[in-house]
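Chemist: Build me a model from this:
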Amino acid sequence: MLERFIEKKHTIDRLRSSPFAEHLDGFAAAMFEAGYSRSSGTRYVNAAAHLGHWCRDRHLPVAQIDDRTVRRFVEHIGRRCRCPDSTRDRVRETRSGARLFLEYLRERGLVSVAVTAELPGVVREFCEWMRARRGVAESTLGTYVPLVTEFLRREGRPPEPYNAAAVRAFILRRSRECGTDRARTAVTALRMFLTFLSASGRCSPALIGAVPTLASWRLAKLPRHISAAEVEKVVAVFDATTVKGARDRAMVLLMARLGLRVGEVATLRLADFDWDRGRLHVTGKGRVESWLPLPQQVGDAVLRYIVGKRPPNADDHVFVRVRPPRRLLDPRSISFACSTAMRAAGIDSRFHGAHVLRHSLATELLSKGASLEQIGVVLRHRSTATTEIYAKVDLTTLQRMAQPWPSMEVSPC
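Modeler: Numbers count the residues shown, from 1 in each chain. You can find the predicted model right below:
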């Protein structure tokens, strides 16, 4: 498979004599399948071969390669390199190739070290517990793990001797360093971490109650939304004749018409669409599964992207990257695509992002006479309390219910 990227026979012979030669053909095949260009594939294969020479000199077998190994290898590239047959690649290209090769080894079980290898052991256990017992998404763990790790490093000791003073001090310090929303996230992350420690017998259950609750009024803010006319402007921005335009338009319609969350759009698979019955299978928060009706406009946009524009790829996720590696999109990329479209549409709003479309759908349904219970069903809320925030958007009804401020006679002094 090296021939897919490299034409010169002596170069192929050199690569196949490298310490990691047995893995290079498979690595090249994976890159070819993912759609990498000839130039990129050539550089990355050379980087993997170079990594093999470096590891051999340090008596490191392929099974022991991890993120720390790649970092040390990249630092070695930045200095004078005397590895056999080194191609003198630039540091950035070599780093990308070595990291991609490590990812390839992990996907095939050739490297036993997990992605979270550098995290403390208790944090890795926490992640596994959250996946198994709480059913959280990886994006949620991506938010919690840095906060929990920061707490552990500030304490500098095992969990057993934690006390209420240390827990409160961390939250109060964190709340002074960031905004309200981020501080509330820290509260939730630490509370879940202490729940895990309590369940595994590492701390007292009473310590969970020591996490302070930050002052917050749930119904104090209006939902961040834009009007129905502005939503249509956003949809009209995309050029559906291009791969990116067709993909982003389909994603925006899923969020604007069905109220899907960013993570739900990112994890959609081809098998989730039941075209015969005109419905869509969605796995939401807490791994709750639902079937949603597929409107004609949304179905047409998704089908146009899948059939006519979607790059051929072994990955069965619906929405994939335009450029290699053509795998599923990161939720942040979807949010960025929505924000970019809103600005391109000239939407004059403080809030730009994918979740605005979900709020906008709810407010539009409310203006057309839908009840809060019906909106909760559409948005798949598990509690009616979550839907109550949209009651404040119905200004016409609120004006009819509002009572005049009582007046009273004030006697002169």
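Chemist: Is the spatially closest residue to Arg184 that is not a sequence neighbour in a helix, a strand, or coil?
Modeler: Excluding the flanking residues, the one nearest Arg184 by Cβ to Cβ, 6 or more residues apart in numbering is Leu214, at 5.7 Å. (Each C-beta comes from the backbone N, C-alpha and C, glycine too.) Of the three states, Leu214 takes coil under DSSP: H, G, I helix; E, B strand; the rest coil.
Chemist: what does the host helix or strand of Arg173 rub up against?
Modeler: Assigned by DSSP states H and E, Arg173 falls within helix 164-177. The contact list for helix 164-177 (Cβ atoms under 8 Å, 6 or more residues apart in numbering) reads 147, 151, 154-155, 182-183, 186-187, 190, 194, 207, 210-212, 214.
Chemist: mind listing what's buried in that helix?
Modeler: Neighbour counts using 16 or more other Cβ atoms under 10 Å place Val167, Phe170, Ile171, Arg174, Ser175 of helix 164-177 among the buried residues.
Chemist: Looking at these, spot the one nearest His59.
Modeler: Of all the buried residues of helix 164-177, His59 sits closest to Phe170, with 42.1 Å by Cβ to Cβ.
Chemist: Show me how this structure divides into domains.
Modeler: 2-107, 121-210, 231-351 (automatic domain parsing).
Chemist: I'd like the ones you listed written out as JSON lines, with mean pLDDT and distance to Val378 added.
Modeler: Putting the domains of the chain into JSON lines (pLDDT from 0 to 100; distance: least, Cβ to Cβ, whole Å) gives the following:
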{"stretch": "domain 2-107", "mean pLDDT": "81", "distance to Val378": "37"}
{"stretch": "domain 121-210", "mean pLDDT": "85", "distance to Val378": "21"}
{"stretch": "domain 231-351", "mean pLDDT": "90", "distance to Val378": "6"}
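Chemist: Can I get those in a markdown table including distance to His381?
Modeler: A markdown table is the format used below for those (distance: least, Cβ to Cβ, whole Å):
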| stretch | distance to His381 |
| --- | --- |
| domain 2-107 | 36 |
| domain 121-210 | 17 |
| domain 231-351 | 10 |
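Chemist: Pop out the phi and psi values for the residue nearest to Arg184.
Modeler: phi -80, psi 140 (degrees, to the nearest 10).
Chemist: between the contacts of helix 164-177, which is nearest Arg327?
Modeler: For the contacts of helix 164-177, the nearest to Arg327 is Leu147 (27.3 Å; Cβ to Cβ).
Chemist: by contact count, what packs against the host helix or strand of Ser335?
Modeler: Taking DSSP H and E as the criterion, Ser335 maps to helix 331-344. Under the contact criterion of 3 or more Cβ pairs under 8 Å, 6 or more residues apart in numbering; DSSP states H and E, helix 331-344 touches helix 228-237, helix 243-258, helix 262-266, helix 354-367.
Chemist: Now do the strands in the chain.
Modeler: Counting by DSSP state E, the chain has strands at residues 273-274, 279-283, 289-293.
Chemist: Name the stretch from those strands that approaches Ala341 most closely.
Modeler: strand 279-283 (21.6 Å).
Chemist: so what strands line up beside the closest one?
Modeler: Sheet pairing for strand 279-283, assigned by DSSP bridges, gives strand 273-274 (antiparallel), strand 289-293 (antiparallel).
Chemist: Make a markdown table out of the ones you listed and add mean neighbour count.
Modeler: As requested, the strands paired with strand 279-283 are arranged in a markdown table below (neighbours: other Cβ atoms under 10 Å):
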| stretch | mean neighbour count |
| --- | --- |
| strand 273-274 | 16 |
| strand 289-293 | 13 |
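Chemist: Could you say which one of these comes nearest to Arg134?
Modeler: Nearest to Arg134, of these and by Cβ to Cβ, is strand 289-293 at 16.2 Å.
Chemist: Residues contacting the closest one, please?
Modeler: Residues contacting strand 289-293 (Cβ under 8 Å, 6+ apart): Leu258, Asp274, Gly278, Arg279, Leu280, His281, Val282, Thr283, Gly284, Arg380.
Chemist: How about stretch 98-110?
Modeler: 23, 26-27, 30-31, 44, 47-48, 51, 62-63, 65-67, 69-70, 73-74, 111, 113, 115, 325.
Chemist: same thing but 10 Å
Modeler: Residues outside stretch 98-110 that contact it (Cβ atoms under 10 Å, 6 or more residues apart in numbering): 20, 22-24, 26-31, 34, 36, 40, 44-45, 47-52, 54, 62-63, 65-67, 69-71, 73-74, 77, 111-115, 324-325.
Chemist: Quick one: buried ones out of the residues you listed?
Modeler: Here, 16+ other Cβ under 10 Å leaves 20, 23-24, 27-28, 30-31, 34, 36, 40, 44-45, 47-52, 54, 62, 65-66, 69-70, 73-74, 77, 111, 113, 324-325 buried among those.
Chemist: Inside helices: which ones of those residues?
Modeler: Using DSSP state H to define helices, the subset of the buried ones among the contacts of stretch 98-110 located there is 23-24, 27-28, 30-31, 34, 40, 44-45, 47-52, 54, 69-70, 73-74, 77.
Chemist: Show me how far stretch 180-190 is from its chain's centre.
Modeler: Centre-to-centre, stretch 180-190 and its host chain are 18 Å apart (Cα atoms, centre = their mean, to the nearest Å).
Chemist: How about stretch 160-171?
Modeler: Distance, centroid of stretch 160-171 to centroid of chain: 30 Å (Cα atoms, centre = their mean).
Chemist: per-residue confidence at Thr384?
Modeler: The score at Thr384 is 74. That number is its pLDDT.
Chemist: residue contacts, it?
Modeler: Counting by Cβ under 10 Å, 6+ apart, Thr384 has contacts Leu372, Glu373, Ile375, Gly376.
Chemist: Now pLDDT and neighbour count too, for those residues, in TSV please.
Modeler: Below are these laid out as TSV (pLDDT from 0 to 100; neighbours: other Cβ atoms under 10 Å):
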residue	pLDDT	neighbour count
Leu372	81	19
Glu373	85	10
Ile375	85	21
Gly376	86	20
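Chemist: That concludes my questions; thank you for your assistance.
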